[in-house]
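K.L.:
Starting from these lines, generate the structure:
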Amino acid sequence: MASVEPIRPVPREPVALHSRAMDNLRFIRETMERAGSFTAVPGWGGCVMGVTAVAAAFVAARQAGTDRWLITWLMEGMLAIAIGAIAMKFKSEAAGNPLFSTPARRFVLSFAPPLFAGALLAAVLYRSNLIAALPGTWLLLYGTGVVTGGAFSVRIVPLMGLCFMALGGIALFVPLAAGNALLGFGFGVLHIIFGIIIARRYGG
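P.N.:
This next block holds a predicted model:
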């Protein structure tokens with residue numbers, strides 16, 4: 001016996017409008033996040049910065065006076081800035097993004113003021129012979145800059161800044177020798193840990 005075919009074809013169940021709208025919104029949100037975020041935060045470059053900071057902590061701990069200790073960390077700071085700038089340049093070029101894009105300018109404008117404040121406070125603390133307060137001041141204000149700048153970067157950057165701020169808060173209440181160790185842990189170990197995470201999740 002021949003099968004009976006329906007006169008009108010049974011329509012396929014359409015894709016739910018709600019699901020399609022959610023997919024579109026998710027795509028738009030992710031696109032806007034990528035376009036509005038500074039993604040050239042160095043990963044492997046941060047690891048190199050961390051290695052040099054660990055070495056600086058060992059060298060600084062063996063200096064005879066506070067002036068030599070301070071010079072060691074100032075040299076490390078200049079080296080870290082150079083490494084970070086070169087790493088960001090290479091990462092931006094590899095991703096085909098301009099280094100001085102709008103998100104990059106926002107990142108720098110939010111990141112730089114706390115560092116400038118840290119430099120001024122360092123001069124004041126040195127003149128006042130409050131050298132033991134320098135590690136906490138540096139860590140706290142660097143962390144503040146990372147948090148504020150991280151608002152225009154990938155999500156893990158503000159978390160890194162909060163870790164620096166926590167270390168800085170501790171370092172403000174310990175002797176210089178312990179503060180030096182916290183500097184090595186912060187600028188060294190934290191940079192290495194978060195550098196690896198950033199490199200794996202967001203590229204080198």
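K.L.:
in stretch 144-151, what's buried?
P.N.:
Residues 144-150 are the ones in stretch 144-151 that count as buried (16 or more other C-beta atoms under 10 Å). C-beta: built from backbone N, CA, C; applies to glycine.
K.L.:
Can you tell me the closest non-neighbouring residue to residue 138?
P.N.:
Take residue 138 and drop its neighbours on the chain: the residue closest to it by C-beta to C-beta, 6 or more residues apart in numbering is residue 118, 5.7 Å away.
K.L.:
sorry, back to before: which members of the buried residues of stretch 144-151 are positioned in helices?
P.N.:
If you go by DSSP state H, the buried residues of stretch 144-151 have 144-150 in helices.
K.L.:
how about the residue nearest the centre of the chain, what does it touch?
P.N.:
Nearest to the mean C-alpha position of the chain, by C-alpha atoms, centre = their mean, lies residue 157 at 3.9 Å. Each residue near residue 157 by C-beta atoms under 8 Å, 6 or more residues apart in numbering is listed here: 41, 146, 149-150, 198.
K.L.:
One more: residue 118?
P.N.:
137-138, 141-142.
K.L.:
mind showing which ranges of this protein have poor pLDDT?
P.N.:
Judged by pLDDT under 70, the chain has its weakly predicted residues at 1-40, 95-99, 204.
K.L.:
again, only this time at 50
P.N.:
Within the chain, the ranges that satisfy pLDDT under 50 run 32-35.
K.L.:
can you map out the helices along it?
P.N.:
Ranges of helices within the chain are 17-35, 44-61, 66-95, 102-127, 134-150, 156-171, 176-183, 191-202, based on DSSP H.
K.L.:
re earlier: mind putting the buried residues of stretch 144-151 into a markdown table with distance to residue 46?
P.N.:
As requested, the buried residues of stretch 144-151 are exported to a markdown table (distance: C-beta to C-beta, whole Å):
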| residue | distance to residue 46 |
| --- | --- |
| 144 | 18 |
| 145 | 14 |
| 146 | 11 |
| 147 | 16 |
| 148 | 18 |
| 149 | 14 |
| 150 | 13 |
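K.L.:
closest to residue 83 among these?
P.N.:
Taking C-beta to C-beta as the measure, residue 83 lies nearest residue 146 of these, at 15.8 Å.
K.L.:
which residue sits closest to that closest one, ignoring its sequence neighbours?
P.N.:
residue 161 is the one closest to residue 146 (C-beta to C-beta, 6+ apart), at 3.1 Å.
K.L.:
Perfect, I'm done here.
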